[in-house]
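Peer 1: I need the structure of the sequence given here:
(2 chains)
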Amino acid sequence: MIYDFNRIEAKWQKYWAENQTFKAENNSSKEKFYVLDMFPYPSGAGLHVGHPLGYIASDIYARYKRHKGFNVLHPMGYDSFGLPAEQYAIQTGQHPRNTTEINIEGCLDDRGNILSKYVNEDGSIKNQALIEKNKSTSINDENYRDNIIKGYRRQLDKIGFSFDWSREVRTSNPKYYKWTQWIFIQLFNSWYNIDLDKAEDIQTLITAFEKEGNSTINAVCDENTEAFSSEDWNAYSYKEQQEILLQYRLTYLAETEVNWCPALGTVLANDEIVNGVSERGGHPVVRKKMTQWSMRITAYAQRLLDGLDKVDWPQPLKDSQTNWIGRSEGATAEFGIRNSEFRISVFTTRPDTIFGVSFMTLAPEHELVSRITTADQKAEVEAYVEATAKRSERDRMADVKTITGVFTGAFAEHPFTKEPIPIWIGDYVLAGYGTGAVMSVPCGDQRDYDFAKHFNIPIPNIFEGVDISEVAFADKATTVIGNSDFLNGLSYKKAVKRAIFELEQLGRGEGKINYRLRDAVFSRQRYWGEPFPVYYVDGMPQMIDAAHLPIELPDVEKYLPTETGEPPLGNATTWAWDTKNNKVVSNDLVTLSAVEGSNKDNGIYPLELNTMPGWAGSSQYFNRYMDSGNTDEIFSQEAINYWQDVDLYIGGNEHATGHLLYSRFWQKFMFDKGLVPKDEYAKKLINQGMITGTSAFVYREVGTKIFVTKGLVDDFSNPEKFESALIKIVEATGLGKQTYAFNPIHADVSLVNSSDELDIEGFKNWQTDYADARFILEDGKYIVKREVEKMSKSKYNVVSPDSICEEYGADSLRLYEMFLGPLEQSKPWNTAGITGTHSFLKKLWRLYLDENGAKFNDAEPTKDNLKTLHKTIKKVEEDIEHFSFNTSVSTFMICVNELSAQKCASRAILEPLAILVSSYAPHIAEELWEQLGYKESIARALFPKFDASHLVESSKQYPISFNGKMRFTLELPLEMSKEEIEATVMAHEKTQKQLQGRTPKKVIVVPGKIVNIVG
RNA sequence: GCUCGAGUGGUGGAAUUGGUAGACACGUUGGACUUAAAAUCCAAUGGACAUUAGUCCGUACGGGUUCAAGUCCCGUCUCGAGUACCA
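Peer 2: I've put the predicted structure just below:
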């Protein structure tokens, strides 16, 4: 029997699907283990070999845990809302629902033939089925399958993952987003109680307001919330009460400064902006005030920080979350303004330097700017504010060195000295951080120092024995305060304490912890996202009762904003909520009477036009998997209490401050609500590294179609070899030039073999432009230049897992992806190396079977057989536990090499070996298992037990080194004592030869390890 | 600028608490089989000199600790990732 991997893999993939081999049970006496992958966004381009890396690792781990007797939950789904499907919809009018479905399910049937619904009558393939939409292909074309969307599911299935597909979720499926909407409602109906440090039902807040107003309530709320008494509260209208409650709810509607991306027509969260432009598309972003839904994630800032200590996540990831949350300790201080009742509140981490203040700076957007500016400064200030508002985020970031600012004409008053302090505005002060205002202490802060120098503002020195004539002094450790009244002579720490104490005495400030983290904007002006379960009565948002969820995304004519600038849902004609019949009805039924208290009120109100952001659906999917079919609850308490949390989460590090922060926030909220038993949902997280491509370049002589092999180009640029290279080139081209210029051009990597040799005929056929190309060779070959780059279509270095599975099999692919290197590390893909793991599998196969069938027998295993097996068991087990998958693959190779050399055919060895291999190469393992006579899948066979007794050695090859350099080895019995070893080694002729008559100063003997002779 | 991470053969990478550097694989070279190719198998493969056993140099660079350093300590360089006026 030969190793027919295509047949074997198809057979077992079918078997697993039909037998639901990997279905996890929610009721089990076994111990649970939850292995989770970050679910993919299904794009039409499909998978390249870099994508499944993490999935293969997690799959190996999941399979291993099954062998170890665990009940393993290993689900998969799709993060299927998102921009690309919507952009495609805008261009073509295709409903994103349809394109998303195609991207997941593909356009091929089980036999690999295109489904008839995607073929036109003339045999041409419908555009929506094609990967490249501008291409046209017909089913008569030989390679038409290469151009059509295969579908994520089909591609994943080919790799042989042990997912429990019965639990699949798609974030764009109403049955799923019902629960996203449901959580949104729970957040809306909650507030954050600081005293209890947890979220509570909004009703408890209302009760408190009714009894005592808000002055005794310690809650997280908007900055500008005003105090009121119980009498005030009870006298407020319903609408006024609702407006106040919005200032406390964990998700709330408020006018906020947002990042507006005109090109995408939507707002973006901070983590969706990279280097001042949108993460998707790279479009400019500007600041703009808009009424938006926000999530009060800031309430959880401290707990999000503290929680990081409890989880086993990579340090760089924890660091970036810590930086993103940006905790800093300091104080607020209030400065009065002369001739005005206004006060400016500032946040500072250096209250000890308060006597060094020589000016104040407000952000240009600060609300007091327009109120305090004097008449003669008005024009200048307004011009500056306007100019800053126009600058995009990117421009502002681009020149941080230019110092700009304007004097407002107003003066503040120092809380202690009562001295006047000029108030400036400057764009180095950010509106969004702290209070948007700073007390500028030029002697202690470099930015304030630079600003003061630039505008000739005095720089008083409040540090003892420090020269500030050139730069500000910011070293806290050596700070001694001077010229500062009651702070004189104090160190940084003591001065901070004292300054805060004095501020509190004056009622002008207090100690404060500030976070960089902002509340998260939760509205997007897009179509392809979760609709909000919200309608508006008299402009106030109302939640739809959870019983009527999901509120399904309405169909629209076009996916662009409306003419009046409303989000795409503004195009929907059936998008109003009938509160009497609890259903979505035509917009026409919304009457002007839809105002509270009107007797013409028909109970039909407009629905929210924004949709939720991309991270909404991914913030709770890991819990939903536990009970994804549940239609009554987000998950049953039985399910969540059994599965608890994720034991291993594998995914890319690009989600560090997005998904991984938001999902922790929702988890903590659900924990507060008693819905989940753990306030951190993933115990261990691993970021898999990126797989890069190995691009191939050909050198084209500029302006010609002559391609010169790498060696000759290298010689040409080498002064020593230049002459001979030039002669060769002149001869070959017949051009007779003195100077040649070569342009490296990407060639498709599939045209290059393992020795970097170009398939010239293939290259000519690849693009019509090259059909008449000429090649100048070395040793009869055209050698390409190789370079590691990111995998991308435009670089022609993309390798798809399908073609690898086709040619070498999924098991070879799985092994090779692991063999490339450590999981967390980024590494280049080079298809050439896959022959290594592929021939390993063939060798493994030949250990069990040959052309006559079974080779295995019931012979007693030899000592060597057992030793090989057990050292493999030990190493593989340790490697998997440490996520060191690359070294296990080597271990398997060594094992098979040894057993082949030992001509081992013993069942007692080959059976456990099949189980060891099965997590990595499940298809071949299943087939061998069946050949061995088993009727059940190998998936739940118990992992072989390691027996150390087989590894006990009686002797050791001791390395004998002289002054630390190993010179020879000597086999000695392990029971030999230190003294005996020393005596034997010293007596050895090779030792004497090394010493050449010298007497060693010292002989180090570490029994079982090494002998080192010094001197 | 700041914060992390990483530098080992031609290539991907091994090296468990400091103890035989380069496992395993790719590639390369030579050989067997074949009309030939593929596949398979065997041998060599860090560098230099000697080529028969031998010697020296080698884990980015410069120091240090130690009987012994890829591994620990100090300094320098290079590359990668994240972040960026955060008061």
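Peer 1: Residue A:195: neighbour count?
Peer 2: 9 (other CB atoms under 10 Å). All C-beta spots, glycine's among them, are computed from the backbone N, C-alpha and C.
Peer 1: which parts of the stretch 301-450 of chain A sit against RNA strand B?
Peer 2: Applying CB under 7 Å from any atom of the strand, one finds that the stretch 301-450 of chain A approaches RNA strand B through A:315-316, A:319-320, A:323-324, A:326, A:328, A:330, A:347-350, A:363, A:396-397, A:400, A:427-430, A:433-434, A:436, A:438-439, A:441, A:445, A:447.
Peer 1: Also the stretch 801-950 of chain A?
Peer 2: Within the stretch 801-950 of chain A, the positions near RNA strand B by CB under 7 Å from any atom of the strand are A:819-822, A:825-828, A:830, A:832-833, A:835-840, A:842-843, A:875, A:878, A:884, A:886-887, A:889-890, A:893-894, A:897.
Peer 1: For the residue lying closest to residue A:30 once chain neighbours are set aside, list the residues it contacts.
Peer 2: Nearest in space to residue A:30, with sequence neighbours left out and distances taken as CB to CB, 6 or more residues apart in numbering, is residue A:71 at 3.9 Å. Residue A:71 is in contact with A:24-25, A:28, A:30-33, counting by CB atoms under 8 Å, 6 or more residues apart in numbering.
Peer 1: ok, now residue A:441?
Peer 2: A:350, A:353-354, A:356-358, A:448, A:462.
Peer 1: ok, the single nearest residue of the stretch 501-650 of chain A relative to RNA strand B - how many residues close by?
Peer 2: RNA strand B sits closest to residue A:516 of the stretch 501-650 of chain A, with a gap of 3.5 Å, by CB to the nearest atom of the strand. Neighbour count for residue A:516, taken as other CB under 10 Å: 17.
Peer 1: May I have the predicted confidence score for it?
Peer 2: Residue A:516 carries a pLDDT value of 88.
Peer 1: ok, which pair from the contacts of residue A:441 is furthest apart?
Peer 2: By the measure CB to CB, A:350 and A:358 form the most distant pair in these, at 14.1 Å.
Peer 1: quick one on the thing from earlier: tell me the bridge partners for the residue nearest to residue A:30.
Peer 2: residue A:32 (DSSP bridges).
Peer 1: before we move on, back to that, select from the contacts of residue A:71 the one having the most neighbours.
Peer 2: Highest neighbour count within the contacts of residue A:71: residue A:24, with 24 neighbours (other CB under 10 Å).
Peer 1: need the helices for the stretch 201-350 of chain A, in chain order.
Peer 2: For the stretch 201-350 of chain A, the helices defined by DSSP state H, counting those that start in this stretch cover A:202-212, A:230-235, A:238-246, A:301-307, A:315-325.
Peer 1: one step back: could you check how far the residue nearest to residue A:30 is from residue A:378?
Peer 2: 72 Å (CB to CB, to the nearest Å).
Peer 1: Give me the residues contacting the longest helix belonging to chain A.
Peer 2: With secondary structure taken from DSSP state H, chain A has its longest helix at helix A:863-881. Residues from elsewhere that reach helix A:863-881 (CB under 8 Å, 6+ apart): A:60-61, A:64, A:861, A:884-885, A:887-888, A:891-892, A:894-895, A:898-899, A:902, A:904, A:906, A:908-909, A:912-913, A:916, A:919, A:943-948, A:950-951.
Peer 1: ok, back up a step: let me have the helices of the stretch 201-350 of chain A in JSON lines, adding mean neighbour count as columns.
Peer 2: Formatted as JSON lines, those follow (neighbours: other CB atoms under 10 Å):
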{"stretch": "helix A:202-212", "mean neighbour count": "15"}
{"stretch": "helix A:230-235", "mean neighbour count": "14"}
{"stretch": "helix A:238-246", "mean neighbour count": "16"}
{"stretch": "helix A:301-307", "mean neighbour count": "17"}
{"stretch": "helix A:315-325", "mean neighbour count": "15"}
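Peer 1: Now the weakest link among these, please, by mean pLDDT.
Peer 2: The bottom spot among the helices of the stretch 201-350 of chain A, by mean pLDDT, belongs to helix A:315-325, with a mean of 88.
Peer 1: Of the residues of the stretch 801-950 of chain A next to RNA strand B, which count as buried by neighbour count?
Peer 2: Buried members of these, scored by 16 or more other CB atoms under 10 Å, are A:819-820, A:827-828, A:830, A:837-838, A:840, A:843, A:875, A:884, A:886, A:889, A:893.
Peer 1: Most neighbours of all the contacts of residue A:441, which one?
Peer 2: Most surrounded of the contacts of residue A:441: other CB under 10 Å gives residue A:354, at 30 neighbours.
Peer 1: residues touching residue A:124, list them.
Peer 2: A:136-138.
Peer 1: I'm done for today, thanks for sticking with me.
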